[in-house]
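Peer 1: Give me a 3D structure for the following:
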Amino acid sequence: WRASRSQNDVILECDEVDACVGGASEACAAEYTGPLCGVCRDSYAKFGDNCLRCPSVMENMAILVAIAIVFIGFILFLIKSALLSWKSQKSISAAVFKIMINFLQTVAFLGDFRTRWPSTLRVLFGMASSSNGFSTRFFSIQCAFGWSFFDSVLVAMLVPLFVVTVPTALLCGNYYVRKCVGSLKTKRWKVFSRRIWVSVLVLIFFTHPSVTSTVLEVFACRNIDGVAYLAADMSLACYTASHVRWMIAAGVFFVVYVVGVPVGGGFLLWRQREVLHTAEGRRRYAFLVSGFLPNRYYWEMVILVRKSAIITIKVLLKTNPVAQVYAAVWVVALALFVHMKASPFAFSILTSMEMLSLVVTFVILMASQLYYADELGGSDTEVVNSPFHSVLTIFLVLLLLGSTGYMLAVAARQKLRKMRHKLPRVVWWICR
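Peer 2: Predicted coordinates:
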């Protein structure tokens, strides 16, 4: 691709090979336009990295409803597990689910690295990104609501407000309805306040990575033929008056929320460290501290910082895919070293699962370098379709599915163990 008014003859490579058709300077495929053919035309939107025609209104609503049902069901399951995890210090099913979600969230962001992932892996990464709320590979906010990039940033900044107000409003309403209707069983306000607290903690844990990613994209600019564009939406120029205002707002939000959550969470746990393992402390903080040793009560905040570091690398180093991979490798290698040195988990099975998640993440990062043709001296066709890379893709698919399946099996087994008195003897014997 080369700008028609370019003062030199520099030809730039498009991010998506299919977007540029060659020939004229700014010739793009029918779905694309703009710098590097990186902008979708009207009635098209980004699904992952590709511009596809927007579905009909009915199809969009059906997809949105399906995603909402799955999202709400998963959130309710996490909240229910968090509310029950305080009852037994030996219960590890909630901790297993947290490790699996942390792993899937990290893997999903690796899928956004500027690596020539084959389509099979892109689908798996898109499925993993559901652990961050919803997958943009299967659903487009722009198609559903017509939002611009800055509209999405505004919604991301409002997420913390929703995280606090929605469960508070629902549970307060439930409490007062029970109090007013005599036929309903009434519970003390202390029970409802505890449920509100745990619900807010779970929602912050679940949404923090995606909010961080969206807000950081405000700062990621890309210089193309002497003009700076937003990497997330190259129809928008950087450093205009509007963009500078958004950068200031995003900077304040980043310090207050993105940095404030792990720092504030760590400080809160430190202040409450003496009561974390009492009955009331477990009721309120079991979601954060379950599975960890008493002197490693803060480790969930360490994991949150690690995910934020991966996200920062993904967004701010988007224009340099090689540096992107190397920086992420260093973060994961450091996380492996710290994990082995600190041994934060109270149970060996949790230690093994965390080690598995970090090793698989490390292997994916190392393998990603083999898909980047320019650094290997190959061509696009050779990289994507060669027998070696087909074998590599099969290996990575099996590795991702196998590790995720193993975590699910361990979590299900631990859950069934708690229910062994309610299960038929044959079912319990098989699960044992």
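Peer 1: now the helix or strand harbouring Ile67, how far from the centre of its chain.
Peer 2: Applying DSSP states H and E as the criterion places Ile67 in helix 57-84. The chain centroid and the centroid of helix 57-84 are separated by 16 Å under Cα atoms, centre = their mean, to the nearest Å.
Peer 1: What is it packed up against?
Peer 2: helix 93-110, helix 141-145, helix 189-216 (3 or more Cβ pairs under 8 Å, 6 or more residues apart in numbering; DSSP states H and E). C-beta here means a position set from N, CA and C on the backbone, and glycine is covered the same way.
Peer 1: Please point out which parts of the helix or strand just after the shortest one sit buried.
Peer 2: With elements assigned by DSSP H and E, the helix or strand that comes after helix 141-145 is helix 149-180. Using 16 or more other Cβ atoms under 10 Å as the burial criterion, the residues of helix 149-180 that qualify are 149-150, 152-153, 156-157, 159-160, 163, 167-168, 171, 175.
Peer 1: can you redo these as a markdown table with pLDDT?
Peer 2: Converted to a markdown table, those look like this (pLDDT from 0 to 100):
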| residue | pLDDT |
| --- | --- |
| Phe149 | 86 |
| Phe150 | 89 |
| Ser152 | 87 |
| Val153 | 90 |
| Ala156 | 89 |
| Met157 | 92 |
| Val159 | 91 |
| Pro160 | 91 |
| Val163 | 90 |
| Pro167 | 89 |
| Thr168 | 90 |
| Leu171 | 85 |
| Tyr175 | 79 |
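Peer 1: what's the weakest-modelled helix or strand in this protein?
Peer 2: Across the helices and strands of the chain, mean pLDDT, DSSP states H and E gives its lowest value to helix 373-376, namely a mean of 44.
Peer 1: Per-residue pLDDT of the nearest residue to Cys143 once chain neighbours are set aside, please?
Peer 2: Nearest residue to Cys143 in three dimensions, chain neighbours excluded: Cys54, at 3.7 Å (Cβ to Cβ, 6 or more residues apart in numbering). According to the prediction, Cys54 has pLDDT 82.
Peer 1: Ramachandran angles for Cys54?
Peer 2: Main-chain torsions, Cys54, degrees, to the nearest 10: phi -60, psi 140.
Peer 1: quick one, what contacts it?
Peer 2: Residues near Cys54 by Cβ atoms under 8 Å, 6 or more residues apart in numbering: 43-45, 60, 140, 142-143.
Peer 1: top of those by neighbour count?
Peer 2: In terms of neighbours by other Cβ atoms under 10 Å, the contacts of Cys54 top out with Cys143 at 24 neighbours.
Peer 1: Was I right to think that one contacts Val57?
Peer 2: No: with contact defined as Cβ atoms under 8 Å, Cys143 does not count as touching Val57 (9.3 Å).
Peer 1: Where is pLDDT lowest across the contacts of Cys54?
Peer 2: For these, the pLDDT minimum is Ser140, 68.
Peer 1: coming back round to it: tabulate the contacts of Cys54 in CSV, adding columns for distance to Ala411.
Peer 2: Output for those, formatted as CSV (distance: Cβ to Cβ, whole Å):
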residue, distance to Ala411
Ser43, 42
Tyr44, 40
Ala45, 35
Asn60, 33
Ser140, 32
Gln142, 35
Cys143, 34
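Peer 1: picking that back up, switch the buried residues of helix 149-180 over to TSV; also include distance to Val218.
Peer 2: Output for the buried residues of helix 149-180, formatted as TSV (distance: Cβ to Cβ, whole Å):
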residue	distance to Val218
Phe149	9
Phe150	8
Ser152	10
Val153	6
Ala156	10
Met157	10
Val159	15
Pro160	16
Val163	20
Pro167	28
Thr168	29
Leu171	33
Tyr175	39
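Peer 1: and which of those is nearest to Arg245?
Peer 2: Nearest to Arg245 among the buried residues of helix 149-180: Phe150, at 9.6 Å, using Cβ to Cβ.
Peer 1: and the closest one, what does it touch?
Peer 2: 242, 246.
Peer 1: Check the gap between it and Ala249 for me.
Peer 2: Counting by Cβ to Cβ, to the nearest Å, the separation of Phe150 from Ala249 is 10 Å.
Peer 1: which of the helices and strands packed on helix 57-84 has the lowest average pLDDT?
Peer 2: The weakest mean pLDDT among the helices and strands packed on helix 57-84 belongs to helix 141-145, with a mean of 73.
Peer 1: which strands and helices sit next to that one?
Peer 2: Packed next to helix 141-145, using 3+ Cβ pairs under 8 Å, 6+ apart, are strand 44-47, helix 57-84.
Peer 1: Thr212 is nearest to which of the ones you listed?
Peer 2: helix 57-84 (18.3 Å).
Peer 1: and the angle for that closest one with helix 149-180?
Peer 2: Between helix 57-84 and helix 149-180, the angle comes out at 50 degrees (axes from the mean of the first three to the mean of the last three Cα atoms, to 10 degrees).
Peer 1: What residues of helix 57-84 count as buried?
Peer 2: Buried residues in helix 57-84 (16+ other Cβ under 10 Å): 60, 63-64, 67, 74-75, 78-79, 81-83.
Peer 1: Could you do stretch 357-365 as well?
Peer 2: So, applying 16+ other Cβ under 10 Å, buried residues of stretch 357-365: 357-358, 360-365.
Peer 1: Residues touching it, excluding its own?
Peer 2: Stretch 357-365 is contacted from outside by 99-100, 102-103, 106-107, 110, 325, 328-329, 332-333, 335-336, 339, 396, 399-400, 403, 407, using Cβ under 8 Å, 6+ apart.
Peer 1: now the strands for the stretch 251-400 of the chain?
Peer 2: With DSSP state E, counting those that start in this stretch as the criterion, the stretch 251-400 of the chain has no strands.
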